[in-house]
Structures are given as C-alpha cells and as structure tokens.
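K.L.:
let's see this in three dimensions:
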Amino acid sequence: MKYHSTEFYIEKMDCPDELRLIEAKLKPLAGIEDLRPNYIQRTLTIVHEESLPVEKLRQAIRSSGFEAALRGEEHGEIRWWPRYGKGLLTIASGLMLAAALALHIAGGYEEPAVALAIGSLLTGGAYVLQRGIASAFRFSFEMNFLMSVAAIGAVIVGEPYEGASVMFLFSVAQWLESRSIDRARDAIRKLLDLAPREAVVVRDGAEMRVPVGDVAVGETLIIRPAEKIPLDGVVIGGASSVNESPVTGESLPVEKTAGSSVFAGSLNVHGSLTVAATSKAENTTLAKIIHLVEEAQSRRAPSQQFVDRFARIYTPAVLVGALLVAAIPPILGHSLSDWVYQALVLLVIACPCALVISTPVTIVCALARSARDGVLIKGGAHLEHLGRLQTIIFDKTGTLTWGKPEVADVVPLADAAPDEILAIAAAVESRSEHPLAHAILRKAISRKIETPAIANFAALPGLGARADIDGTTFYVGRPRLFQELGCPVEQLEETVGHYEGSGRISVFVGTQCSISGAIILSDTIRPNAAGALARLRDLGVDDLVMLTGDNEGSAKAVADKLSISHYHAGLLPADKVREVQMVIQQQRLAAMVGDGINDAPALAASTVGIAMGTAGTDAALETADVALMTDDLERIPYAVSLGRRTERIIRQNIAASLLIKAAFIGLVVAGRATLWAAVAADVGVTLLVVFNAMRMLNHRAELPAPATHSHAEAG
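P.N.:
Numbers count the residues shown, from 1 in each chain. Modelled structure (predicted):
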C-alpha cells in the first residue's frame with residue numbers, strides 16, 4: 001500500500017481543541033494513516049493512501065468548520081478575516097458591553113442594556129460559541145465549551161453583564177494570545193525573507209535579473225557589494241568578505257575567493273563575486289534549515305505530550321467538579337443560584353488554555369532563536385534533552401582539535417640550522433599530497449623560507465619521500481625510512497622520543513648517511529575548546545569524555561591540556577558506539593559531539609547527537625539531532641544553556657497555570673469567587689505564560705570570550 005503526505009494550511013487551528021474537531025471528521029475516512037499537526041505554523045500534514053483524493057480531505061476539514069488550503073497555495077481570502085476578524089469582533093463586543101453598562105448604571109434602560117449585553121456576548125463569543133456547540137455535539141468537552149456554558153449560564157441566573165464580560169475578556173485574551181503567537185510565527189517567516197527573490201544571471205553573455213526559481217544549477221551569478229547571495233554556489237571569480245550569520249550564526253565576515261563555497265541568504269559585504277550556482281532555490285542550505293525548523297515544531301516534546309494528556313483528563317474532571325459545586329451545597333440547604341454561579345466561575349477559571357499553549361510556544365520560540373544563531377535543533381524532545389544533559393562525549397580529531405597536523409617545532413640533530421632543515425623538507429615535500437607534507441609547506445611559507453629546486457622526486461608510500469637538491473639525494477620521512485636506509489636512528493629516537501610520548505609525530509630530514517634534524521608535528525587544539533569546556537562545567541555538565549582512534553600519547557596530551565579526566569584511545573567506530581552505550585546504560589543523558597557523518601554511528605547511539613560544521617553538508621543536516629552550522633565549539637554551551645532556560649520557562653509556565661487556578665478553585669469552594677475575577681485571572685495567566693515563553697526569542701547565552709591561543713598550539 002502506497003502512502004502520500006498532504007499538508008494543509010488551516011488558519012483557525014491554534015491548539016489541540018481545534019484538532020479534535022477536525023479529527024472527528026477525518027478519522028472516519030478510510031485510508032488515513034496519521035495526522036501531524038503544527039499549531040504554530042497552523043498546518044496539518046495528513047498521511048493517507050494515494051487513492052484517497054486530496055479534495056475529499058479538504059471537504060472533511062471544511063465540514064468541521066475550518067477553511068483549508070494546500071500549503072503554499074494559501075489565498076488572501078482565507079488569511080484576511082481570521083487575522084483581523086477576531087480583533088474587529090472583540091472591539092465591537094467591547095463597545096456594546098460599555099454601552100450596556102452605561103445604560104445599566106444610568107437606570108431606566110434595563111431592556112436595551114440587557115439586549116446590548118447579550119449582543120456583546122454573541123459578538124465576542126462568535127468563535128467560542130461555534131466551537132463550543134460543535135464540541136458538545138461530539139462529546140468533546142474543551143475550553144470553548146467551558147466558556148460557552150459559563151457565559152450562557154451567567155445570563156440564565158440573571159447576570160447578563162458578567163456573562164458578556166466573560167466572553168469579551170476571553171475574546172481579548174484569545175486575540176492578544178493570537179497576536180503574540182504570530183510573533184513566534186514571524187520569527188520563522190523571517191528566515192524565508194533572508195534569501196532574495198531575484199538573482200542576476202549571465203545568459204548569452206548578458207546580465208539579466210530573473211526569479212531565483214528560474215536559475216538552473218551551473219548558471220553564473222553576479223553578486224555585487226551589499227547584495228544578498230540568492231543561491232548556494234562556488235566562487236569562480238572575484239574576492240570579497242561575506243556575512244554568513246543568517247546561515248551559520250557566525251558574526252564575523254568570512255573571506256571568499258575562487259573555490260570558496262557561499263550560501264543563499266548570506267550578505268556580500270564588499271567586492272563583487274562571480275558564483276556558479278550549485279543548487280536550485282528549493283535545495284539551498286537555507287531552504288533545508290527552514291524546512292527542518294518547521295518540521296521540528298511538529299515533533300512534540302515530552303512535557304508537551306504530558307500537558308496534552310493531562311488536559312484530556314483535566315477538562316472532564318472540571319465538568320464533574322462544577323456539577324458537584326452546583327448540586328451539593330443546595331442539597332445541604334444553601335442557595336441554588338449562588339452555587340450555580342460558583343460552578344460557572346469554576347468553569348471559567350479551570351479553562352486549560354494557558355496550560356495547553358505554554359509549552360509549544362516556549363519550544364517554538366527557542367527553536368527559532370537557535371536557528372538564527374546557527375544551531376539547528378531537530379525538535380522539542382532534543383531541546384529538552386539538551387537542558388537535562390549530564391554527560392557530553394567528544395570525538396577528538398576534527399572536533400576538539402582541528403583535525404590537521406601543524407609544525408610544532410624544528411629540532412637540529414647535526415650542524416644544520418632550523419630554517420635550513422625546514423627549507424630542505426619543504427622542497428622535498430612540495431610535490432607530495434600527504435597531510436604532513438602540506439603542514440611542512442604551510443610552515444615554510446608562513447616563515448617566508450625560500451625552498452631550493454628539486455629533481456627526481458619520488459614518493460615512498462608508508463615511509464616518506466625523496467628528491468635531489470644540487471645533486472644530493474635528500475629524504476624526509478618517519479624513523480623507519482632511515483632504518484631501512486641503514487642509518488643508526490636509535491640514539492636520535494631517544495632525543496625526540498619525548499615528543500612522541502606527548503602525542504606528537506617526528507619526521508626526520510637527511511641524506512642516506514646523515515640525519516640533519518627532525519620536524520615535530522601535532523594536531524592542534526581548537527582555540528576556543530578550553531573556554532567551551534569550562535562554560536559547560538559552569539552549566540553543570542561536569543562529566544566530559546573524549547574518544548579517539550589515536551594512540552594513548554596523543555589522547556593524553558589533548559586530555560591534559562583540556563582538563564578532561566575521562567578519555568579512551570585507540571578506538572574503532574564500533575568501540576565508540578560501545579562507549580556511548582555504556583554511559584547511557586548508567587541511566588545518564590549523554591550527548592555525542594562529532595564533526596559530521598564520520599561519527600554517525602556514535603551520534604545515533606547517544607541521547608542527543610551533535611554534529612559540527614554542517615553548513616552545506618546534507619548528510620549531517622539530516623542525521624544529527626542538533627546541527628551546528630559552524631565549527632565553533634562555543635555553540636555547544638549555547639545550546640545547553642538554551643535547553644536549560646527552555647526547561648525553566650516551561651516549568652514556570654506550568655506551575656503558574658496550575659497554582660493560580662488552584663487558588664481560585666479554593667475561592668470557589670469557599671463560595672467567595674466572582675466571574676469578573678475568574679475571567680481576569682484566566683486572561684492574565686494566559687498572557688503571562690505566552691509573554692514568558694516569548695522571552696526565548698531574545699535568548700542570549702553568556703559565552704566565554706574568544707580564546708587567544710594560536711592556531712599552531714600543540715595538542
């Protein structure tokens with residue numbers, strides 16, 4: 001059986017209550033496999049058999065009282081009224097309520113005053129009454145039903161002004177809540193606006209401006225100073241600095257020359273660039289980030305799942321409680337109207353809106369904030385796990401270190417000067433493709449050492465290389481090479497042996513009969529690694545572990561420099577997976593940090609897999625739970641800090657919702673609560689949790705200052 005996913009945009013769908021009304025119409029249809037709501041984006045993805053017509057799905061949604069459009073085909077007539085209509089109805093309700101109260105206070109105009117109050121109730125409650133009645137017919141008693149019963153009940157017991165006030169204030173709360181949530185939605189939409197709509201393309205030798213969707217892979221783009229880059233590509237001409245912060249979160253401009261990669265949405269600061277497009281508009285790194293952020297919002301966090309389950313039990317319990325409040329005191333001889341009134345108050349204050357909305361708004365604000373800062377978190381569950389992490393496991397090479405060797409020292413072993421040894425080694429290695437050769441060449445260039453001409457170059461696989469300089473054959477390689485040449489290296493190995501013991505590599509330089517010196521190379525620790533680890537310890541993550549396939553000496557050297565007490569060396573990929581699993585088996589939440597797809601098995605085995613430097617890397621973007629767009633290790637404490645704060649705000653919102661409601665329920669039981677106070681409390685707590693959640697949009701984690709370690713610091 002083949003299944004297909006269809007995504008609908010449903011303007012009025014804001015929380016699980018609306019979804020239940022839609023579910024009631026969709027579930028009876030044969031061929032529906034799954035429903036995946038996204039309340040922040042107001043979308044519903046329906047997984048269904050291909051044979052089930054999309055139009056039939058749309059009709060089912062419409063029959064539940066909601067307009068639906070295929071995602072990407074939203075029409076203005078669907079969006080305008082829901083966006084502004086609720087506010088207009090709220091204003092009209094408020095004006096009628098004010099007029100009703102004025103006539104009531106003036107006296108002698110009671111009939112028109114009551115009529116205006118009922119008009120205010122019906123106007124302010126247009127959406128609430130419609131949904132409340134629909135839910136009652138389906139025996140799905142949710143917050144709209146509670147408010148409808150409370151408002152209509154107030155009119156029945158002779159309190160029309162309080163009934164109208166219930167609907168008006170609840171309408172105000174919903175309208176303000178809607179506007180606040182729109183801010184969270186806009187944070188995601190702003191990502192869409194980062195990339196320009198048009199691009200300047202060279203076609204038939206002439207420049208022309210075309211929509212980005214019409215640009216094919218391989219076409220040549222012209223990007224002038226202060227223009228945004230429209231598509232991912234590779235620079236084929238020009239040089240400039242590019243601000244990549246919209247994609248990577250990196251605030252400093254990055255220099256771009258021929259061969260450099262550029263990303264859609266980044267800003268060309270100065271200089272013109274000629275770029276060959278490497279992706280279509282829908283496949284850029286920015287487009288993938290936006291898609292993954294939107295998808296992440298539909299993956300509910302554990303706390304959100306708990307709240308949804310709690311609300312399903314909580315609302316029926318409130319109805320039973322209200323019936324008991326209305327029935328038991330009158331049986332004991334108290335006033336029926338007074339206790340029916342208190343039951344209505346209970347329905348108002350017990351409305352679960354604040355409780356239900358508190359978690360998803362907090363999470364979407366955090367996801368939007370992190371995406372803007374170059375940290376892509378794949379869902380609320382991963383965000384919460386980040387906030388609870390106890391252990392972080394780091395791969396060494398390419399994560400804590402740069403993953404490429406650098407020259408740390410030049411040690412003369414005869415009468416040659418260090419620069420002379422480096423010049424000979426660089427000359428011999430100039431034609432080699434080995435990483436150690438590249439490191440030696442970089443060092444010679446940085447010290448502006450002139451290298452002599454060579455002849456008869458030959459690579460010696462597994463050993464080194466040789467070449468003739470002025471008629472003399474020179475060799476550059478590991479000690480084993482000179483052993484095979486017959487040179488006595490035992491004494492010399494003792495001279496440089498302590499370097500090997502500290503995790504460095506020694507490369508000898510000399511002729512067949514004489515060794516002139518040794519070049520000491522090592523992988524280098526990232527400059528901000530120490531600061532990032534210190535910040536993690538400050539955040540309470542003090543169990544830091546390092547895994548590496550390198551030898552014990554190399555591992556110990558890096559671990560000592562970074563004050564990592566737990567490390568494991570000489571590991572194969574399967575060994576790394578086993579080490580991660582052992583930590584998790586100890587009932588600890590563990591993150592694994594790696595530099596991409598090479599660490600995929602260990603990343604998958606961890607509670608949270610964090611991949612570094614994933615901008616432009618499709619596989620890492622898709623497989624990691626958390627993707628850092630740059631190689632900046634400081635993004636890890638930022639992500640943990642974000643998770644910690646998200647957890648705190650979610651707990652604050654849930655606690656505020658339940659405590660305020662519990663206090664008012666106590667007043668109801670004591671017979672001392674009023675509808676006015678109940679509505680004010682419900683409105684207040686709803687807005688409180690929404691505004692508290694929106695603080696995540698302005699989250700700024702305190703990160704350590706940039707490290708001052710040189711790039712060539714030995715590791």
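K.L.:
quick one: the helices in the stretch 201-350 of the chain?
P.N.:
Using DSSP state H, counting those that start in this stretch, the helices of the stretch 201-350 of the chain run over 245-248, 285-297, 302-331, 336-349.
K.L.:
same thing with the stretch 501-650 of the chain?
P.N.:
Going by DSSP H, counting those that start in this stretch, the stretch 501-650 of the chain shows helices at 529-538, 552-561, 573-585, 600-605, 618-623, 635-669.
K.L.:
what's near enough to touch the residue nearest to the spatial centre of the chain?
P.N.:
Among the residues of the chain, residue 377 comes closest to the average C-alpha position under CA atoms, centre = their mean, at 2.8 Å. Taking CB atoms under 8 Å, 6 or more residues apart in numbering, we find residue 377 in contact with 296, 366-367, 370-371, 383, 386, 625-626, 639, 642. Using the backbone N, CA and C atoms, a C-beta is placed for each residue, glycine as well.
K.L.:
go through the residues you listed and name the one nearest residue 587.
P.N.:
Closest approach to residue 587 among those (CB to CB): residue 386, at 17.7 Å.
K.L.:
burial check on the closest residue to the closest one other than its chain neighbours, number of neighbours?
P.N.:
Leaving out its chain neighbours, the residue that sits closest to residue 386 by CB to CB, 6 or more residues apart in numbering is residue 643, at 3.0 Å. Per other CB atoms under 10 Å, the neighbour tally for residue 643 reads 24.
K.L.:
quick one: least confident helix or strand in this structure?
P.N.:
helix 618-623 (a mean of 59; mean pLDDT, DSSP states H and E).
K.L.:
how far is stretch 460-471 from where the chain is centred?
P.N.:
Its chain's C-alpha centre lies 51 Å from the corresponding centre of stretch 460-471 when counted by CA atoms, centre = their mean, to the nearest Å.
K.L.:
what's the span of it, first residue to last?
P.N.:
End-to-end distance for stretch 460-471: 19 Å, by CA to CA, to the nearest Å.
K.L.:
ok, stretch 273-282 next?
P.N.:
The straight-line separation of the ends of stretch 273-282 (CA to CA) is 22 Å.
K.L.:
ok, now stretch 479-490?
P.N.:
Distance across stretch 479-490, first residue to last, is 9 Å (CA to CA).
K.L.:
re the thing from before, of all the helices of the stretch 501-650 of the chain, which one is nearest residue 323?
P.N.:
helix 635-669 (13.0 Å).
K.L.:
buried set for that closest one?
P.N.:
Using 16 or more other CB atoms under 10 Å as the test for burial, helix 635-669 gives 635-647, 649-650, 652-654, 656-657, 660-661, 664-665, 667-668.
K.L.:
check stretch 262-276 too.
P.N.:
Those would be 262-268, 271, 273, 275, for stretch 262-276 by 16+ other CB under 10 Å.
K.L.:
kindly report the same for stretch 151-168.
P.N.:
151-155, 157, 159-168.
K.L.:
stretch 209-229 too?
P.N.:
Residues of stretch 209-229 classed as buried: 212, 215, 219-223, 228-229 (neighbour count, 16+ other CB under 10 Å).
K.L.:
format those residues as a markdown table; extra columns: pLDDT.
P.N.:
Shown next, in a markdown table, are the buried residues of stretch 209-229 (pLDDT from 0 to 100):
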| residue | pLDDT |
| --- | --- |
| 212 | 91 |
| 215 | 93 |
| 219 | 94 |
| 220 | 95 |
| 221 | 95 |
| 222 | 95 |
| 223 | 94 |
| 228 | 90 |
| 229 | 93 |
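K.L.:
out of the buried residues of stretch 262-276, which is nearest to residue 118?
P.N.:
After measuring the buried residues of stretch 262-276 against residue 118 - CB to CB - the closest member comes out as residue 265, at 52.9 Å.
K.L.:
which residues sit in contact with that closest one?
P.N.:
Applying CB under 8 Å, 6+ apart, the residues contacting residue 265 are 194-195, 228-229, 246-247, 284, 286.
K.L.:
so which of the residues you listed sits lowest on pLDDT?
P.N.:
Across the contacts of residue 265, the bottom pLDDT score, 67, is held by residue 246.
K.L.:
looking at the buried residues of stretch 209-229, which is nearest residue 478?
P.N.:
Once CB to CB is applied, the member of the buried residues of stretch 209-229 that ends up nearest residue 478 is residue 229, at 44.7 Å.
K.L.:
so what's residue 236 up against?
P.N.:
Counted by CB under 8 Å, 6+ apart, residue 236 has contacts 220, 258, 274-276.
K.L.:
domain assignment for the chain?
P.N.:
Domain segmentation of the chain under automatic domain parsing yields 3-74, 198-283, 375-401+526-643, 403-525.
K.L.:
closest one to residue 126 among those domains?
P.N.:
domain 3-74 (11.7 Å).
K.L.:
from the chain's centroid, how far away is that closest one?
P.N.:
With CA atoms, centre = their mean, you get 26 Å for domain 3-74.
K.L.:
again with stretch 376-385
P.N.:
7 Å.
K.L.:
what's the answer for stretch 95-108, then?
P.N.:
51 Å.
K.L.:
what's in contact with it?
P.N.:
For stretch 95-108, the surrounding residues in contact (CB under 8 Å, 6+ apart) are 109-110, 112-117, 119-120, 123-124, 160-161, 164-165, 168.
K.L.:
just the ones of the residues you listed in helices?
P.N.:
Those of the contacts of stretch 95-108 mapping onto helices are 110, 112-117, 119-120, 123-124, 160-161, 164-165, 168, per DSSP state H.
K.L.:
which member of these is positioned nearest residue 21?
P.N.:
The closest of the ones in helices among the contacts of stretch 95-108 to residue 21 turns out to be residue 124 (CB to CB; 20.3 Å).
K.L.:
can you give me the end-to-end distance of stretch 102-118?
P.N.:
Length of stretch 102-118, first residue to last, CA to CA: 15 Å.
K.L.:
pLDDT on it, on average?
P.N.:
Over the span of stretch 102-118, the pLDDT mean works out to 91.
K.L.:
sort out which residues of it are buried, please.
P.N.:
So, applying 16+ other CB under 10 Å, buried residues of stretch 102-118: 103-104, 109, 113-114, 116-118.
K.L.:
distance to residue 60 for these - can I get that in JSON lines?
P.N.:
Listed next are the buried residues of stretch 102-118 as JSON lines, based on distance: CB to CB, whole Å:
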{"residue": "103", "distance to residue 60": "45"}
{"residue": "104", "distance to residue 60": "45"}
{"residue": "109", "distance to residue 60": "48"}
{"residue": "113", "distance to residue 60": "43"}
{"residue": "114", "distance to residue 60": "40"}
{"residue": "116", "distance to residue 60": "39"}
{"residue": "117", "distance to residue 60": "37"}
{"residue": "118", "distance to residue 60": "34"}
